[in-house]
Every structure is written in structure tokens, then in C-alpha cells.
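**Student:** Sequence first, then the predicted structure, then my questions.
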Amino acid sequence: MTSESPANAEQPDEAANQPDWLAKVAGETLTELPKDLYIPPDALEVFLETFEGPLDLLLYLIRRQNLDILDIPVAQITGQYMQYIGLMQTLRLELAAEYLVMAAMLAEIKSRMLLPRPVDADEEEDDPRAGLVRRLQEYERFKEAAETIESRPRVGRDVFPASARPDRVESAAALPQPDLRDLLLALNEVLARAELFASHEIAREPLSVRERMSRVLERLSGRKPVSFIALIDTAEGRLGVVVCFLAVLELVKGALIAIEQADSESPLTVRLAGPTDTVMEQGDD
Amino acid sequence: MTDVAEQNDQPLVPTNEAELGRVVEALLLASDQPLSLDRLLAVFGDDAPQRSALREALVWLDKHHDESAMELVEVGNGWRLQVRQHYAPWVSRLWQEKPQKYSRALLETLAIIVYRQPITRGEIEEIRGVSLSQTIVRTLLERGWVREVGHREVPGRPALLGTTKQFLDDFSLKSLEQLPPLPEVKDLDALHQALEQLAPEAEAESAGDEEE
Amino acid sequence: MTDVAEQNDQPLVPTNEAELGRVVEALLLASDQPLSLDRLLAVFGDDAPQRSALREALVWLDKHHDESAMELVEVGNGWRLQVRQHYAPWVSRLWQEKPQKYSRALLETLAIIVYRQPITRGEIEEIRGVSLSQTIVRTLLERGWVREVGHREVPGRPALLGTTKQFLDDFSLKSLEQLPPLPEVKDLDALHQALEQLAPEAEAESAGDEEE
């Protein structure tokens, strides 16, 4: 991943051709930009997020040139592009791969353009830019189509279905009833996708604790503190007590509830964590 | 579909009873819960009409639906437009018509709630990597398999979801304990074994064709 | 609203247009999806009205709600009663949660599928010049806007993606036909000219023939 590239080297006079460029940084329009950059570095990250890929960026650069400076020197587009890549590499490495491929393609096109061509060569076939032009054109069409689709009235955003039901319906409709197998297979699929579950701690954690956590929260939902002892049902036996205890600990860890004790003599009470209990870091996995 | 252009963030204040009535109608139709007077008023923000005007609009609305299949009723939580009982038989036939299958998305969501409860929507989305559709949560709530068990005390106070007794009943479980632990779920063979243990009679014959 | 008593499991066949219209209204209101003529007919079982009668009932319904906040529209899956656009601004203030915003990447992907279906992921990537994130595809599948419609018979048998009726429903379309054609290639000459600048000494005559 070297940011040094042939194209970078040959653009010392880039600033001289500065278009009257507009960029928005934190809502403010910039008309004047640093001499050495088209976009200030800290704005670039934000700026780049508005591009959907190398084609999008290239299209933008070309359109820009087109509007403002048709007489730009040859290497300009490639040069600018390379400059973006360089910055991207420092700021958002994970973005760079596809952009680099495009950069390579541009460099290749450029170099082929510089080579003398046989006089009798088939114009179309031999034009190294033809493929790129077509891709850019094709891409631009869909960019526009995407805007059309975005502007369609959408259910949930602009369109609200009217709904009403009868108060009661005599014969209860048969609702679908998946079996456990369906449920677990679905879970298996999520697991295959999300490594979030990989945590050993979670793996060992008995399910009944999770279930109990929900119960305890429900119990406390009246917002009134409950004595810790009241949460425990001794009829559940040893294991039940342990489960309940673990559930309470988990909830405290997750900053969902708070345990209080007025003094060492008084009983422990448990209440929902209030908005006042600021949590710096959610006890996330 | 005509005058969208003139609408922006701040909707116009309806000027007469009928127009206010229609706004209320729109709100009641779009909401799946009854709406209280306060809730209705809140929609108008600073330009809220008088309470009395709102009441009159409700009267207008009630009268206006004389000849439609809906009626306006006041229930505990406020006002609701509902289908007249007269038409319930047809509706019940519509609902009976096909017990659909639940989507994979719904089952995945349910499974995550089962294993990670209490959990917020955001956390479910994070695990699944997809935004959670409103419909899925609503279906799970309506089915009584899931309910809100509290709120996480972070900005926005997102609701925490957990499973219910009803869930256990409907899936013939005595307790969640009966479900295989996660490591087994991750291992497809172990999962199948666990499943067979759960219901040896039922699963025996369908053991071959679980993938769809 | 008097004759509820005489209703039982077998609802009476509505005898006139208005009554049939109200039954249809009740069904559309109670359904969370648009209903096709066929589905509406199915509700009546053996006593199904004529198709033409049903159509007339829909016309009646549409007219009858002239002065209400809802309108009847036809979308991909059939007929839907929805809140008139005019009242949408109030409705959207009813909920705190903002409607989901979709990324440009997702919308571009969707647009490509709409106009180029059936299409593989690889082909989408080729057009967009970026690899397609799993999340985007999953969100599209989950929303029910897109589904796998087959496989391309090339090595790896990549799935072919296409749009669904649900997509039509959710974007208020009766058919894809209603979308404008894919925009023409934009000022071809200008674009080409700009590229010309890359190598001014190279040819200028290949500008005319870029289809697609």
C-alpha cells in the first residue's frame, strides 16, 4: 500500500488550475481551499462518505472539470484522483481497495494513451478509454434512477395504509405456528453470520438466567423498589435461588437495575436504574 | 396525491371542523392503537386546536362515517376507528384464509430474543446486521410471545424485549432451560441431536429435510 | 347496524352495491396487505359475487370516500386503502421514530435490480464499481423488495435477484411500467469530451456509439 505513485509526482502545478470549487464542511460552504488540497483533510472523511465508490468519485471529478475547466491539462483527472486515494489511505484504509483498482486502471489508460498506436488499428477496440466511458455512463444512469426511486411515495414514510379492525372476531383465525426446529435453525443461521455470539461467557450462561432477567425487570416495572428477598422464591430450591441471584447480578452489570441498601442493617432493595444512573460504558459483549 | 408540494415540516392548521375531522381520521387510521385527546393534540405542536374543537371534530367524524364500514369508538386509551361488528364475519374469513408462514427474519429475531433477553431492538439489529422492521416486532408482540420488560437507561430509553409464558406454551416448553445451549446450536449436528431429544417422536420422521 | 343478530358463520351475501362496498372496505381495512380481486372474492366462498359487481363496489367505495381522509389505490398486490398524501405530514408526527432512511448505496443497488433484473450480485458490483455489502442485500431481501428468482448457470450458480410485488406495494406502483424508463446516457458528448482531455492527441470520433 504505497501512496507514492507516478501520477502523484507530476502535479506540482495543480493548485494553479484550482476550479472555483465548493465544498461543505460542517454546513459551511467553502469557496477557498488550501492551496495544496482540494478538500481539507478533516473534511475529506465526511466528504468521501458521500461517494458510493470509485466510479462515483470519478464521475464527480469529471463533471466538475466539465463545468468549470474544460481546458484542464491531461493528467489532471488522474492526478486529482490519485490525490484522493492518497488521503483515503491515511484516513479510511478499508475504503481504498476498489479505489486503488480504479487508480491502476486510470494509470494504465494514461500510459497506453502515451504510446504510439499503429495507424491501421481498429479505433473502437483499441481505445483504452472506451470501457471506462461506458461504465461511467451506465453507472450514472442508475445513480439517477436511484433518485427517482427514492422520491417515490414510500409506505411508512409518505404513505400510510389505513387500518382498522373489528372489536372482536368470532372464530379465531389459525395463526402460523413454527416449531422449535424452525426457530433453532433460524438461530443457527444468525449464528453463522454473527460472530458476536462467539463469546464464551455467553455460551456458558444458562438460559434460565436470561429468562429470569426479563422476569425481574417486569417485576420492577412499577418503578417501585422491591426487596431483594422478595425476588427469590425459595420454592424453586437451590438452583432457582442461584439463577435469580445471577440474573440480578447480570442486570446490575448491564446497568438495568440498581441495588440499594440504606445501611448495613436494612434489607437490600432492588429498583430499576433511573436515568440518573449515568452509565459510561454499556456492559456490552 | 396533489398538493404534496405545499406540505412541509409544519403542516397547516386545519381551519374548519371537517378538515380537522379528516386530520383526526387520518391519525386514527394510521395508528394501530387508540389515540387519546392529548396524543392527538400533541401532533399539532404549537398550533394545537382547542380541546373543544377537537371534540367537535370527533363528533363530525363519527357522523361522517355513518355510511361506512367503520365506526368511531371511545375505549380506555382513547379513540379508535374500528370495523363495525356487522362486518366481522367477513373479516374473520379473510384472516382464516391462509395461516401464512413466518418469515426467516421473524424467526431469527425471535430466536435472538430467546437467547439474549432482555434485549433492545438496536442490539438485535446489531446481531443480525439488518434493521429490524416494525412489523416483525409487532407480530411478535401481538402473538404474545414477546413483550416489553423494561427500558435500557441510555439515551432514548429503548425498550427491552423478553419472552413470555405464552411463548413457552406455544412451543411446548416447560422452561427455556429445555432449549439447547448456544454452543450446540452453533454445531449443526449437535443441534439436531438436541432437537431429537426434545421431541423424539415428532422429529424422528422429519429428520432428513430440515433445510429449505 | 341492527341486523347483527342474523349474522352467523356464513355471512350473508351483500345484496347491493353499497353494502358490498362496505364489506370490501372492512376487508381492506382489516388486512395489512393490499388485497387482489381474487383474494376478495375468495372471502365470499361459494356465494361469491360477480367480478364485475366487485369492481363496481370498489368504484362505489372510492367515490364514497371522496370526503374522507383516505383514498383507494391500486398497487402491485391489489387494492389498498391509505391515508391521503395531504394528511401525511400530521401522521408522520404521530411517531417519534423517524422513518427509516436508506443509504444511497442501497438505493442504487435497488435501482439496478429494478432496471436490470434478473441480475446477479457480481453484475451489480460491476455496474457500481464497488463490492456489494451483505447488509444491503439482506435488507432488500428482508424488506421483501427483492428476492432470488433463480440462478445463473455459470460456475458457482450465482443467485439472480429480481423485484417483488411487495416492492410495488411499498413504492405505490401498480407495475414496474409506471416507473420512468432508465434515464438516457447523460450529455454523452460532454462526458466524452472530458475524457478526451485525458489524452488530447488521441482520436475524437468514437463519441457517437455508446449504447447502454
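**Tutor:** Noted; the coordinates are in hand.

**Student:** Which positions within the strand or helix carrying residue B:140 qualify as buried?
**Tutor:** Using DSSP states H and E, residue B:140 sits in helix B:134-142. For helix B:134-142, the neighbour count (16 or more other CB atoms under 10 Å in any protein chain shown) marks B:136-137, B:139-140 as buried. For glycine as for every other residue, the C-beta is placed from the backbone atoms N, C-alpha and C.

**Student:** Repeat that for stretch B:180-190.
**Tutor:** Those would be B:180-186, for stretch B:180-190 by 16+ other CB under 10 Å.

**Student:** Okay, strands next: where are they in chain B?
**Tutor:** Using DSSP state E, the strands of chain B run over B:70-75, B:78-83, B:119-120, B:146-151, B:159-163.

**Student:** For chain A, which of the ones you listed is the nearest?
**Tutor:** With CB to the nearest CB as the criterion, chain A lies closest to strand B:159-163 of the strands of chain B, at 2.8 Å.

**Student:** The closest one packs against which elements?
**Tutor:** Under the contact definition 3 or more CB pairs under 8 Å, 6 or more residues apart in numbering or on different chains; DSSP states H and E, strand B:159-163 sits against helix A:207-219, helix B:104-116, strand B:119-120, helix B:121-128, strand B:146-151.

**Student:** repeat that for 10 Å
**Tutor:** helix A:207-219, helix B:104-116, strand B:119-120, helix B:121-128, helix B:134-142, strand B:146-151 (3 or more CB pairs under 10 Å, 6 or more residues apart in numbering or on different chains; DSSP states H and E).

**Student:** What strands flank that strand, and is each parallel or antiparallel?
**Tutor:** Strand B:159-163 pairs in its sheet with strand B:119-120 (antiparallel), strand B:146-151 (antiparallel), by DSSP bridges.

**Student:** on that earlier part again, got the strands of chain B as a markdown table, with mean pLDDT columns?
**Tutor:** Below are these laid out as a markdown table (pLDDT from 0 to 100):
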| stretch | mean pLDDT |
| --- | --- |
| strand B:70-75 | 90 |
| strand B:78-83 | 92 |
| strand B:119-120 | 92 |
| strand B:146-151 | 90 |
| strand B:159-163 | 92 |
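
**Student:** out of the ones you listed, which comes closest to residue C:89?
**Tutor:** Residue C:89 lies closest to strand B:78-83 among the strands of chain B, at 19.5 Å (CB to CB).

**Student:** Taking strand B:70-75 as reference, get the angle to that closest one.
**Tutor:** Strand B:78-83 runs at 150 degrees relative to strand B:70-75, counting by axes from the mean of the first three to the mean of the last three CA atoms, to 10 degrees.

**Student:** Does strand B:78-83 reach chain A?
**Tutor:** Yes: interface with chain A: strand B:78-83 contributes B:80-83 (CB under 10 Å from any CB of the partner chain).

**Student:** Distance-wise, check the residue nearest the centre of chain B relative to residue C:32.
**Tutor:** Closest residue to the average C-alpha location of chain B: residue B:138 at 2.0 Å, with CA atoms, centre = their mean. As judged by CB to CB, to the nearest Å, residue B:138 and residue C:32 stand 9 Å apart.

**Student:** Between the two, which contacts overlap?
**Tutor:** Common contacts of residue B:138 and residue C:32, defined by CB atoms under 10 Å, 6 or more residues apart in numbering or on different chains, comprise residue B:32.

**Student:** ok so, going back, please work out which residues outside the helix holding residue B:140 touch it.
**Tutor:** By CB under 10 Å, 6+ apart, helix B:134-142 touches A:156, A:175-176, B:32, B:102-103, B:105-110, B:113, B:121, B:124, B:133, B:145-148, B:159, B:161, B:163-164, B:167, C:32, C:95, C:97, C:99-100, C:142, C:144.

**Student:** how many neighbours does residue 158 have?
**Tutor:** Went with chain A since none was named. Neighbour count of residue A:158, defined by other CB atoms under 10 Å in any protein chain shown: 21.

**Student:** meant chain B, my bad for not saying
**Tutor:** Residue B:158 - counted by other CB under 10 Å - has 16 other residues nearby.

**Student:** Next, the contact list for it, please.
**Tutor:** Counting by CB under 10 Å, 6+ apart, residue B:158 has contacts B:119-123, B:148, B:151-152.

**Student:** Those residues, buried ones only, as a ChimeraX selection?
**Tutor:** Only the buried entries of these go into this ChimeraX selection, using 16+ other CB under 10 Å:
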select /B:119,120,121,123,148,151,152
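
**Student:** Can you tell me the closest non-neighbouring residue to the residue of the stretch 101-250 of chain A found nearest chain B?
**Tutor:** Nearest to chain B in the stretch 101-250 of chain A, going by CB to the nearest CB, is residue A:214, at a distance of 2.8 Å. Spatial nearest neighbour of residue A:214, excluding adjacent residues (CB to CB, 6 or more residues apart in numbering or on different chains): residue B:162 at 2.8 Å.

**Student:** same deal with residue A:143?
**Tutor:** In space, and not counting its chain neighbours, residue A:143 is closest to residue C:108: 6.3 Å by CB to CB, 6+ apart.

**Student:** Just name the closest of the residues of strand B:78-83 next to chain A to chain C, please.
**Tutor:** In terms of CB to the nearest CB, no member of the residues of strand B:78-83 next to chain A lies closer to chain C than residue B:83, at 4.6 Å.
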